[in-house]
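*Asks:* just the structure for this:
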Amino acid sequence: MRHEAAGVTEILLDSAKNEFLEYGFHDASLRRVAAKSGVSTNSIYTRFHDKTGLFGAVVKEAADGLMEIYLNSISEAKETFDVKQAMQIGGEGTDIVLKYIYKYKDEFKLIFCCSVGTEYENYFDKLAAIEENYYRQFAKQFSDGKHSVDDFFIHVYCTTGWQYVYEIVSHDKSYEEAKEYMDNVRTFNYAGWKAVLGITEESK
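*Replies:* Numbering: from 1, shown residues only. Predicted structure coming up:
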């Protein structure tokens, strides 16, 4: 019986993922999910309580995993006192994040594009807030003392950073296209931070 239940749960989650991708959270129908899964709607309510719980069950593993990866990357970057190394760690972290997102591309498309009305609609903002906190420290630590960056600049910069990820996911870019795009963004951002903070070859 346990094996049968597990199989039903997997089928439900797969059907729900497809339903949410096609219709979004608000317009998704539990009746359609149940019909496509060959079960009653009561089976969904028993396992997931409601549509919100079903959506969470579809994306939770991917969301929790990315948050852990990102927090670890930020923690590692905070420990360095060399700007070039900090940017390198950030770049490596971006690569890891991108690979992970493409491993769970459907789930992140749901989170970024279809989650309004669920607890995940602010997931994007939570990631940006973590990055914003780090870049405040980064700007203070690596400025040459003559250049300063205000909090609003950092806020917009970090929000825009996750907007890049939203764009590649929402436009269904291949991993290869996304990797090339993010490599260009990284090069662009590094040059920008050097100029904004007054970082020279001698100060690196």
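
*Asks:* spit out the contact partners of Tyr102.
*Replies:* Listed by CB atoms under 8 Å, 6 or more residues apart in numbering, the contact set of Tyr102 reads 175, 178. Placement of C-beta: from N, CA and C, glycine included.

*Asks:* next up, identify which helix or strand it is on.
*Replies:* helix 83-103 (DSSP states H and E).

*Asks:* next one: that helix to chain centre, how far?
*Replies:* Put simply, helix 83-103 sits 13 Å off its chain's centre (CA atoms, centre = their mean, to the nearest Å).

*Asks:* point out where this structure drops to low pLDDT.
*Replies:* 1-6, 144, 200-204 (pLDDT under 70).

*Asks:* per-domain residue ranges of it.
*Replies:* With domains defined by automatic domain parsing, the chain comprises 1-49, 59-197.

*Asks:* and the last one, how far apart are its ends?
*Replies:* The first and final residues of domain 59-197 sit 38 Å from each other (CA to CA, to the nearest Å).

*Asks:* can you pull the buried residues of stretch 96-106?
*Replies:* Going by neighbour count (16 or more other CB atoms under 10 Å), the buried part of stretch 96-106 is 97-98, 100-102, 104-106.

*Asks:* I misspoke; the intended subject was stretch 52-69.
*Replies:* Buried residues in stretch 52-69, counted by 16+ other CB under 10 Å: 54-59, 62-63, 66, 69.

*Asks:* repeat that for stretch 65-81.
*Replies:* Neighbour-count burial for stretch 65-81 flags 66, 69-70, 73-74, 77 (criterion: 16+ other CB under 10 Å).

*Asks:* got it, and stretch 170-178?
*Replies:* So for stretch 170-178, counting by 16+ other CB under 10 Å, buried means 173, 178.

*Asks:* just how off-centre is stretch 54-74 within its chain?
*Replies:* 8 Å.

*Asks:* isn't Ile154 up against Asn133?
*Replies:* No: under the criterion of CB atoms under 8 Å, Ile154 makes no contact with Asn133, lying 9.2 Å away.

*Asks:* ok, Gln137 - contacts?
*Replies:* Counting by CB under 8 Å, 6+ apart, Gln137 touches Lys78.

*Asks:* one step back: between Ile154 and Asn133, who's got more neighbours?
*Replies:* Just comparing Ile154 and Asn133: by other CB atoms under 10 Å the higher neighbour count belongs to Ile154, 19 against 14.

*Asks:* mind listing what's buried along stretch 85-94?
*Replies:* Of all the residues in stretch 85-94, those buried under the rule 16+ other CB under 10 Å are 86-87, 89-91, 93-94.

*Asks:* same question, stretch 175-195
*Replies:* Judged by neighbour count (16+ other CB under 10 Å), stretch 175-195 contains these buried residues: 178-179, 181-182, 185-186, 189-190, 193-194.

*Asks:* can you list those in JSON lines and add secondary structure?
*Replies:* Shown next, in JSON lines, are the buried residues of stretch 175-195 (DSSP: H, G, I helix; E, B strand; the rest coil):
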{"residue": "Ala178", "secondary structure": "helix"}
{"residue": "Lys179", "secondary structure": "helix"}
{"residue": "Tyr181", "secondary structure": "helix"}
{"residue": "Met182", "secondary structure": "helix"}
{"residue": "Val185", "secondary structure": "helix"}
{"residue": "Arg186", "secondary structure": "helix"}
{"residue": "Asn189", "secondary structure": "helix"}
{"residue": "Tyr190", "secondary structure": "helix"}
{"residue": "Trp193", "secondary structure": "helix"}
{"residue": "Lys194", "secondary structure": "helix"}
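
*Asks:* having no further points to raise, I will conclude here.
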